[in-house]
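>>> give me a model of this one.
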Amino acid sequence: MISRYRTIGTTALVLASLTAVFAQTRANGVASGHREILLQTTQSWNCKPYTHYPTGQPQLTTIKLTIAPHAALPWHTHPFPNVVYVLSGTLTLHDKASGKTQVVRQGQAVGESVDDVHRGESGDGPTVLLITYAGTPGVPTSVPAAGEKSEY
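Take a look at the predicted model:
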């Protein structure tokens, strides 16, 4: 019987301690976050390895890009690595030289190719992308292929 009271007492002490910890966390607003890795890669979606970052001062650029339904962006390249996260819709990536394609859906991320001519195409609804570029000041994030208009 004493063992049972000890177990109940220990459980009550643990619960009281946890309650105090949660109360303290709420009181000062400090808490650990939940991490979910969306993409960690050393190569682009079309299997081309990332070989280097640009030299000079780093500049991160994040854009939100909305593409109308059933629309294809102009052919273009990127001079440095970037990550695309699909907020809504679908994006079909096309590599011009190899003909490779990859479909990226809402909630998925993909590393884009560097110096390879490619484009994205939306699906049945609008496609909304969050794109983060790891570049340098003064260097454009997207470069139109010969004869093409700007991607954005």
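>>> tell me the contacts of the most centrally placed residue in the chain?
The residue lying closest to the centre of the chain (C-alpha atoms, centre = their mean) is residue 85, at 4.1 Å. Residue 85 is in contact with 38-39, 108-109, 129-132, counting by C-beta atoms under 8 Å, 6 or more residues apart in numbering. C-beta: built from backbone N, CA, C; applies to glycine.
>>> equivalent analysis for residue 60, please.
By C-beta under 8 Å, 6+ apart, the contact list for residue 60 reads 132-135.
>>> what's the neighbour count on the residue nearest to residue 118 when sequence neighbours are not counted?
Once flanking residues are discounted, residue 118 sits nearest to residue 95: 5.1 Å by C-beta to C-beta, 6 or more residues apart in numbering. Per other C-beta atoms under 10 Å, the neighbour tally for residue 95 reads 19.
>>> surely residue 95 and residue 115 touch.
No. If you go by C-beta atoms under 8 Å, residue 95 and residue 115 don't touch, sitting 11.8 Å apart.
>>> and the strands in the chain, which stretches?
Here the chain has its strands, by DSSP state E, at 59-67, 76-77, 82-88, 90-95, 101-105, 109-111, 118-122, 127-135, 143-144.
>>> contacting residues for residue 101?
Residue 101 sits next to 92-95 when contact means C-beta under 8 Å, 6+ apart.
>>> measure the nearest residue to residue 135 once chain neighbours are set aside to residue 70 for me?
Spatially, and ignoring its direct neighbours in sequence, residue 135 is nearest to residue 80 (4.8 Å; C-beta to C-beta, 6+ apart). Separation of residue 80 from residue 70 (C-beta to C-beta, to the nearest Å): 30 Å.
>>> among the two, which residue is more densely surrounded?
Per other C-beta under 10 Å, whichever of residue 80 and residue 70 has more neighbours is residue 80, with 19 against 12.
>>> pretty sure the more buried one is touching residue 140, no?
No. Between residue 80 and residue 140 there is no contact, the gap being 10.2 Å when judged by C-beta under 8 Å.
>>> neighbours of residue 125, how many?
Applying other C-beta under 10 Å, we find 13 residues neighbouring residue 125.
>>> now do it, the pLDDT please.
As predicted, residue 125 sits at a pLDDT of 97.
>>> try residue 47
Looking at residue 47, its pLDDT is 95.
>>> okay, now it: neighbour count?
Residue 47 has 10 neighbours, counted by other C-beta under 10 Å.
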